[in-house]
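*Asks:* I would like to see how this sequence folds:
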Amino acid sequence: MSNQSLDANRFSAWVGRSETLTDQIDMSRAMAMAATLDLPVSLAIGDALPPLWHWMYFWSANPASQLGPDGHAQRGEFLPPVSLPRRMWAGGRLKFLAPLWIGAQAERVSRIKAVEVKQGKTGPLVFVTVAHEISMQSEPVILEEHDIVYRDVLQVGDSASRVKFAPTDAHWSREVSPDPVQLFRYSALTFNGYRIHYDRTYATDVEGYPGLIVHGPLIASLLTDLLARELPNKTLSEFSFRAIAPLFDTEPFSVHGRLEPEGRNVVLWAANSRGELAMQAEALLR
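*Replies:* Next comes the predicted model:
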(Lines give C-alpha, C1' and ligand atoms only; values in the text may rest on other atoms or scores of the structure.)
Protein backbone atom coordinates (compact mmCIF):
# COMPACT_ATOMS: atom_id res chain seq x y z
CA MET A 1 0.00 0.00 0.00
CA SER A 2 1.63 3.30 -1.06
CA ASN A 3 2.16 6.07 1.46
CA GLN A 4 0.59 8.50 -0.98
CA SER A 5 -2.69 6.56 -1.08
CA LEU A 6 -2.90 6.76 2.75
CA ASP A 7 -1.77 10.37 3.13
CA ALA A 8 -3.87 12.01 5.87
CA ASN A 9 -3.62 15.36 4.11
CA ARG A 10 -5.35 13.78 1.12
CA PHE A 11 -8.35 12.94 3.29
CA SER A 12 -8.57 16.34 5.00
CA ALA A 13 -11.02 17.60 2.38
CA TRP A 14 -13.58 15.09 3.70
CA VAL A 15 -13.54 16.43 7.27
CA GLY A 16 -16.69 18.48 7.74
CA ARG A 17 -18.49 16.89 4.80
CA SER A 18 -22.13 16.20 5.67
CA GLU A 19 -25.28 14.50 4.44
CA THR A 20 -28.89 14.70 5.60
CA LEU A 21 -31.36 11.84 5.43
CA THR A 22 -35.01 11.69 6.50
CA ASP A 23 -37.03 8.59 7.32
CA GLN A 24 -40.22 7.44 8.99
CA ILE A 25 -39.65 5.22 12.01
CA ASP A 26 -42.10 2.69 10.62
CA MET A 27 -43.65 -0.16 12.55
CA SER A 28 -42.79 -2.88 10.04
CA ARG A 29 -39.03 -2.56 10.48
CA ALA A 30 -39.37 -2.39 14.26
CA MET A 31 -41.43 -5.61 14.30
CA ALA A 32 -38.94 -7.26 11.93
CA MET A 33 -36.09 -6.35 14.27
CA ALA A 34 -37.95 -7.87 17.21
CA ALA A 35 -38.38 -11.05 15.17
CA THR A 36 -34.69 -11.05 14.19
CA LEU A 37 -33.72 -10.88 17.87
CA ASP A 38 -36.42 -13.46 18.71
CA LEU A 39 -38.12 -11.06 21.12
CA PRO A 40 -41.75 -11.75 22.10
CA VAL A 41 -42.61 -8.05 22.25
CA SER A 42 -45.71 -6.14 21.25
CA LEU A 43 -45.01 -2.76 19.69
CA ALA A 44 -47.42 0.03 18.78
CA ILE A 45 -47.34 3.38 17.04
CA GLY A 46 -46.18 5.95 19.58
CA ASP A 47 -43.97 3.52 21.52
CA ALA A 48 -40.34 4.43 22.08
CA LEU A 49 -37.99 2.65 19.67
CA PRO A 50 -35.61 0.43 21.69
CA PRO A 51 -32.01 1.70 21.95
CA LEU A 52 -29.82 1.16 18.87
CA TRP A 53 -32.75 0.14 16.67
CA HIS A 54 -32.37 3.48 14.88
CA TRP A 55 -29.61 1.75 12.90
CA MET A 56 -32.38 0.14 10.81
CA TYR A 57 -33.40 3.55 9.48
CA PHE A 58 -31.83 6.35 7.42
CA TRP A 59 -30.61 4.05 4.66
CA SER A 60 -28.09 5.29 2.11
CA ALA A 61 -29.73 3.47 -0.80
CA ASN A 62 -26.92 3.56 -3.36
CA PRO A 63 -27.72 2.13 -6.81
CA ALA A 64 -26.22 -1.27 -7.56
CA SER A 65 -23.94 0.32 -10.16
CA GLN A 66 -22.33 2.41 -7.40
CA LEU A 67 -21.37 -0.50 -5.16
CA GLY A 68 -17.86 -1.85 -4.76
CA PRO A 69 -16.91 -5.54 -4.97
CA ASP A 70 -17.37 -5.94 -1.21
CA GLY A 71 -21.01 -4.78 -1.36
CA HIS A 72 -20.36 -1.36 0.20
CA ALA A 73 -20.92 1.90 -1.61
CA GLN A 74 -17.89 3.00 -3.59
CA ARG A 75 -15.68 5.28 -1.54
CA GLY A 76 -15.02 8.91 -2.35
CA GLU A 77 -18.51 10.35 -2.04
CA PHE A 78 -19.56 10.94 1.58
CA LEU A 79 -16.83 8.71 3.06
CA PRO A 80 -13.19 9.33 2.01
CA PRO A 81 -11.55 7.18 -0.71
CA VAL A 82 -9.54 4.94 1.64
CA SER A 83 -7.77 2.25 -0.40
CA LEU A 84 -7.46 -0.34 2.38
CA PRO A 85 -9.78 -3.25 1.54
CA ARG A 86 -11.33 -4.23 4.90
CA ARG A 87 -13.86 -1.97 6.60
CA MET A 88 -15.14 -2.57 10.13
CA TRP A 89 -17.44 -0.79 12.58
CA ALA A 90 -14.91 -0.22 15.37
CA GLY A 91 -17.22 1.29 17.97
CA GLY A 92 -19.25 4.27 18.93
CA ARG A 93 -20.60 6.61 21.60
CA LEU A 94 -24.26 7.54 21.93
CA LYS A 95 -26.39 9.86 24.03
CA PHE A 96 -30.14 9.28 24.20
CA LEU A 97 -31.70 12.66 24.90
CA ALA A 98 -35.34 11.76 24.34
CA PRO A 99 -37.35 8.82 22.93
CA LEU A 100 -37.46 8.22 19.17
CA TRP A 101 -41.13 7.36 18.64
CA ILE A 102 -42.32 4.58 16.35
CA GLY A 103 -44.36 6.20 13.58
CA ALA A 104 -42.57 9.54 13.76
CA GLN A 105 -40.84 11.37 10.93
CA ALA A 106 -37.18 11.89 11.79
CA GLU A 107 -34.03 13.40 10.31
CA ARG A 108 -30.39 12.38 10.59
CA VAL A 109 -27.59 14.82 9.86
CA SER A 110 -24.22 13.09 9.50
CA ARG A 111 -20.84 14.82 9.41
CA ILE A 112 -17.28 13.53 8.96
CA LYS A 113 -15.66 14.58 12.23
CA ALA A 114 -12.13 13.19 11.80
CA VAL A 115 -9.91 11.04 9.59
CA GLU A 116 -6.72 9.61 11.11
CA VAL A 117 -4.02 7.45 9.55
CA LYS A 118 -2.15 5.20 11.98
CA GLN A 119 0.31 2.32 11.88
CA GLY A 120 -0.91 -0.74 13.77
CA LYS A 121 0.89 -3.93 14.73
CA THR A 122 -0.48 -5.66 11.64
CA GLY A 123 -0.18 -2.78 9.17
CA PRO A 124 -1.68 0.59 8.28
CA LEU A 125 -5.04 1.68 9.68
CA VAL A 126 -7.36 4.52 8.78
CA PHE A 127 -9.94 5.65 11.36
CA VAL A 128 -12.94 7.69 10.26
CA THR A 129 -15.25 9.22 12.88
CA VAL A 130 -18.75 10.18 11.75
CA ALA A 131 -20.98 12.30 14.00
CA HIS A 132 -24.75 11.81 13.66
CA GLU A 133 -27.57 13.91 15.07
CA ILE A 134 -31.06 12.42 14.89
CA SER A 135 -33.95 14.77 15.50
CA MET A 136 -37.74 14.86 15.52
CA GLN A 137 -39.56 18.15 14.90
CA SER A 138 -36.17 19.91 14.91
CA GLU A 139 -35.35 18.65 18.42
CA PRO A 140 -32.33 16.30 18.79
CA VAL A 141 -33.14 12.93 20.32
CA ILE A 142 -29.95 10.90 19.67
CA LEU A 143 -26.35 12.10 19.39
CA GLU A 144 -23.90 9.52 18.07
CA GLU A 145 -20.26 9.20 17.10
CA HIS A 146 -19.55 6.22 14.85
CA ASP A 147 -15.99 4.93 14.45
CA ILE A 148 -15.04 3.15 11.22
CA VAL A 149 -11.65 1.48 10.77
CA TYR A 150 -10.11 0.44 7.46
CA ARG A 151 -7.45 -2.28 7.47
CA ASP A 152 -5.28 -4.19 5.04
CA VAL A 153 -5.93 -7.80 4.02
CA LEU A 154 -6.06 -10.35 6.85
CA GLN A 155 -2.69 -11.90 7.62
CA VAL A 156 -2.05 -15.27 9.25
CA GLY A 157 -1.76 -14.81 13.03
CA ASP A 158 -3.54 -11.45 13.15
CA SER A 159 -6.31 -12.59 15.49
CA ALA A 160 -4.02 -14.63 17.72
CA SER A 161 -1.83 -11.57 18.39
CA ARG A 162 -4.80 -9.63 19.78
CA VAL A 163 -6.43 -12.22 22.07
CA LYS A 164 -7.79 -10.67 25.26
CA PHE A 165 -9.84 -12.64 27.74
CA ALA A 166 -13.22 -11.38 28.90
CA PRO A 167 -14.09 -10.61 32.54
CA THR A 168 -15.57 -13.42 34.62
CA ASP A 169 -17.57 -11.41 37.15
CA ALA A 170 -20.84 -10.98 35.24
CA HIS A 171 -24.13 -10.47 37.07
CA TRP A 172 -26.07 -11.58 33.97
CA SER A 173 -25.15 -13.71 30.98
CA ARG A 174 -26.91 -15.03 27.91
CA GLU A 175 -25.71 -17.37 25.16
CA VAL A 176 -26.38 -16.50 21.53
CA SER A 177 -26.21 -18.95 18.62
CA PRO A 178 -25.78 -16.89 15.45
CA ASP A 179 -26.81 -18.38 12.13
CA PRO A 180 -26.78 -17.24 8.49
CA VAL A 181 -30.52 -16.47 8.52
CA GLN A 182 -30.22 -14.05 11.44
CA LEU A 183 -27.19 -12.35 9.87
CA PHE A 184 -28.97 -12.06 6.52
CA ARG A 185 -32.07 -10.58 8.16
CA TYR A 186 -30.02 -8.01 10.07
CA SER A 187 -28.14 -7.08 6.88
CA ALA A 188 -31.47 -6.61 5.12
CA LEU A 189 -32.96 -4.53 7.94
CA THR A 190 -29.96 -2.19 8.00
CA PHE A 191 -29.55 -2.26 4.18
CA ASN A 192 -25.96 -3.35 4.75
CA GLY A 193 -24.57 -4.93 1.60
CA TYR A 194 -21.19 -5.88 3.06
CA ARG A 195 -20.72 -9.46 1.89
CA ILE A 196 -18.78 -10.73 4.92
CA HIS A 197 -22.11 -11.00 6.76
CA TYR A 198 -24.05 -13.21 4.31
CA ASP A 199 -21.76 -14.42 1.49
CA ARG A 200 -19.68 -17.23 2.97
CA THR A 201 -17.55 -17.74 -0.13
CA TYR A 202 -16.60 -14.07 -0.19
CA ALA A 203 -15.95 -13.97 3.58
CA THR A 204 -13.68 -17.03 3.56
CA ASP A 205 -12.03 -16.95 0.11
CA VAL A 206 -11.62 -13.21 -0.42
CA GLU A 207 -11.26 -11.70 3.06
CA GLY A 208 -9.83 -14.81 4.70
CA TYR A 209 -12.22 -15.24 7.62
CA PRO A 210 -13.26 -18.65 9.01
CA GLY A 211 -16.97 -17.93 8.54
CA LEU A 212 -19.58 -15.21 8.32
CA ILE A 213 -18.91 -12.26 10.62
CA VAL A 214 -21.55 -11.23 13.13
CA HIS A 215 -22.27 -7.52 12.65
CA GLY A 216 -20.73 -5.27 15.29
CA PRO A 217 -24.00 -3.29 15.58
CA LEU A 218 -25.92 -6.53 16.06
CA ILE A 219 -23.63 -7.52 18.95
CA ALA A 220 -24.06 -4.06 20.48
CA SER A 221 -27.84 -4.41 20.11
CA LEU A 222 -27.72 -7.75 21.90
CA LEU A 223 -25.85 -6.07 24.76
CA THR A 224 -28.52 -3.36 25.14
CA ASP A 225 -31.17 -6.08 24.83
CA LEU A 226 -29.55 -7.93 27.74
CA LEU A 227 -29.69 -4.70 29.72
CA ALA A 228 -33.40 -4.25 28.92
CA ARG A 229 -34.15 -7.84 29.93
CA GLU A 230 -32.39 -7.52 33.28
CA LEU A 231 -33.32 -3.93 34.17
CA PRO A 232 -36.64 -3.37 32.40
CA ASN A 233 -37.59 -0.32 34.49
CA LYS A 234 -34.39 1.59 33.70
CA THR A 235 -33.84 4.00 30.80
CA LEU A 236 -30.58 4.10 28.86
CA SER A 237 -28.99 7.55 28.87
CA GLU A 238 -25.56 6.91 27.33
CA PHE A 239 -23.92 3.93 25.67
CA SER A 240 -20.40 3.39 24.32
CA PHE A 241 -18.88 0.28 22.80
CA ARG A 242 -15.67 -0.89 21.16
CA ALA A 243 -15.11 -3.94 18.99
CA ILE A 244 -12.12 -6.01 20.13
CA ALA A 245 -12.23 -9.12 17.93
CA PRO A 246 -14.70 -10.57 15.41
CA LEU A 247 -17.35 -13.18 16.16
CA PHE A 248 -18.40 -15.74 13.56
CA ASP A 249 -21.46 -17.83 12.80
CA THR A 250 -19.41 -21.00 13.28
CA GLU A 251 -19.88 -21.09 17.06
CA PRO A 252 -22.04 -19.64 19.84
CA PHE A 253 -21.00 -16.54 21.72
CA SER A 254 -22.23 -14.92 24.93
CA VAL A 255 -23.24 -11.48 26.14
CA HIS A 256 -22.68 -10.36 29.73
CA GLY A 257 -23.37 -7.46 32.06
CA ARG A 258 -22.46 -6.20 35.50
CA LEU A 259 -24.22 -3.41 37.41
CA GLU A 260 -21.78 -1.22 39.29
CA PRO A 261 -22.43 -0.55 43.02
CA GLU A 262 -23.79 2.98 42.59
CA GLY A 263 -26.61 1.59 40.45
CA ARG A 264 -26.30 3.79 37.33
CA ASN A 265 -23.27 2.43 35.48
CA VAL A 266 -23.28 -0.93 33.74
CA VAL A 267 -20.30 -2.74 32.25
CA LEU A 268 -21.20 -4.98 29.30
CA TRP A 269 -19.20 -7.31 27.09
CA ALA A 270 -19.43 -10.10 24.52
CA ALA A 271 -17.14 -13.12 24.39
CA ASN A 272 -16.60 -16.08 22.11
CA SER A 273 -16.97 -19.70 23.21
CA ARG A 274 -13.38 -19.74 24.50
CA GLY A 275 -13.95 -16.74 26.77
CA GLU A 276 -12.04 -14.31 24.55
CA LEU A 277 -13.28 -10.73 24.58
CA ALA A 278 -15.04 -9.64 21.39
CA MET A 279 -16.72 -6.38 22.42
CA GLN A 280 -16.70 -4.20 25.51
CA ALA A 281 -19.25 -1.55 26.37
CA GLU A 282 -20.45 0.79 29.07
CA ALA A 283 -23.95 2.08 29.75
CA LEU A 284 -25.23 4.93 31.89
CA LEU A 285 -28.78 4.66 33.21
CA ARG A 286 -31.20 7.35 34.26
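
*Asks:* What helix or strand is Ile148 located in?
*Replies:* Using DSSP states H and E, Ile148 maps to strand 139-151.

*Asks:* Tell me the buried residues in that strand?
*Replies:* Across strand 139-151, burial judged by 16 or more other C-beta atoms under 10 Å covers 141-151. In this view, the C-beta of every residue, glycine as well, is placed from N, C-alpha and C.

*Asks:* Likewise for stretch 261-278?
*Replies:* Buried, per 16+ other C-beta under 10 Å, within stretch 261-278: 266-272, 276-278.

*Asks:* Let me see the confidence value for Asp158.
*Replies:* pLDDT recorded at Asp158 is 53.

*Asks:* can you check Gly76 too?
*Replies:* Confidence score, pLDDT, at Gly76: 68.

*Asks:* Rebuild the buried residues of strand 139-151 as CSV, extending it with distance to Leu97.
*Replies:* Shown next, in CSV, are these (distance: C-beta to C-beta, whole Å):
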residue, distance to Leu97
Val141, 5
Ile142, 7
Leu143, 7
Glu144, 11
Glu145, 14
His146, 17
Asp147, 21
Ile148, 24
Val149, 27
Tyr150, 30
Arg151, 33
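
*Asks:* so Met136 touches Trp101, yeah?
*Replies:* Yes. In this structure, Met136 is within contact of Trp101 by C-beta atoms under 8 Å, at 7.0 Å.

*Asks:* show me where this structure has helices.
*Replies:* With helices called from DSSP state H, the chain shows them at 8-11, 27-36, 180-189, 200-201, 216-230.

*Asks:* and Tyr89, how many neighbours?
*Replies:* Small correction: residue 89 is Trp, not Tyr. Neighbours of Trp89 under the rule other C-beta atoms under 10 Å: 20.

*Asks:* ok, and the closest non-adjacent residue to it?
*Replies:* With sequence-adjacent residues excluded and distances taken as C-beta to C-beta, 6 or more residues apart in numbering, Trp89 is closest to Gly216, at 4.0 Å.

*Asks:* what's the neighbour count on the one you found?
*Replies:* Neighbours of Gly216 using other C-beta under 10 Å come to 22.

*Asks:* Now Arg17, what are its backbone angles?
*Replies:* Torsion angles at Arg17 (phi, psi; degrees, to the nearest 10) stand at phi -60, psi 140.

*Asks:* In this structure it contacts Ile112, no?
*Replies:* Yes. Arg17 lies in contact with Ile112 (C-beta under 8 Å); the separation is 4.8 Å.

*Asks:* In contact with the nearest residue to Gln182 once chain neighbours are set aside, which residues?
*Replies:* What sits nearest to Gln182 in space, not counting adjacent residues and going by C-beta to C-beta, 6+ apart, is Thr36, at 6.1 Å. Shown in contact with Thr36 (C-beta atoms under 8 Å, 6 or more residues apart in numbering): 182, 185-186, 189.

*Asks:* With Glu207 instead?
*Replies:* 70, 85-86, 153-154, 196.

*Asks:* Lowest pLDDT pick from those residues?
*Replies:* For the contacts of Glu207, the pLDDT minimum is Leu154, 68.

*Asks:* Distance of Val130 relative to Arg108?
*Replies:* Distance of Val130 to Arg108, given as C-beta to C-beta, to the nearest Å: 11 Å.

*Asks:* quick one on the thing from earlier: now, which of the buried residues of stretch 261-278 lie within strands?
*Replies:* By the criterion of DSSP state E, membership of those in strands covers 266-272, 277-278.

*Asks:* Just flag the most distant two among those residues.
*Replies:* Spatially, the most separated pair among these is Val266 and Asn272, at 21.2 Å (C-beta to C-beta).

*Asks:* who wins for proximity to Leu284 among the helices of the chain?
*Replies:* Per C-beta to C-beta, nearest to Leu284 of the helices of the chain: helix 216-230, 11.0 Å.

*Asks:* relative to helix 180-189, how tilted is that closest one?
*Replies:* Relative orientation of helix 216-230 versus helix 180-189 (axes from the mean of the first three to the mean of the last three C-alpha atoms, to 10 degrees): 100 degrees.

*Asks:* if we can go back for a sec, max pairwise distance over the buried residues of strand 139-151: which two?
*Replies:* Maximum pairwise distance in the buried residues of strand 139-151, criterion C-beta to C-beta, is 32.9 Å, between Val141 and Arg151.
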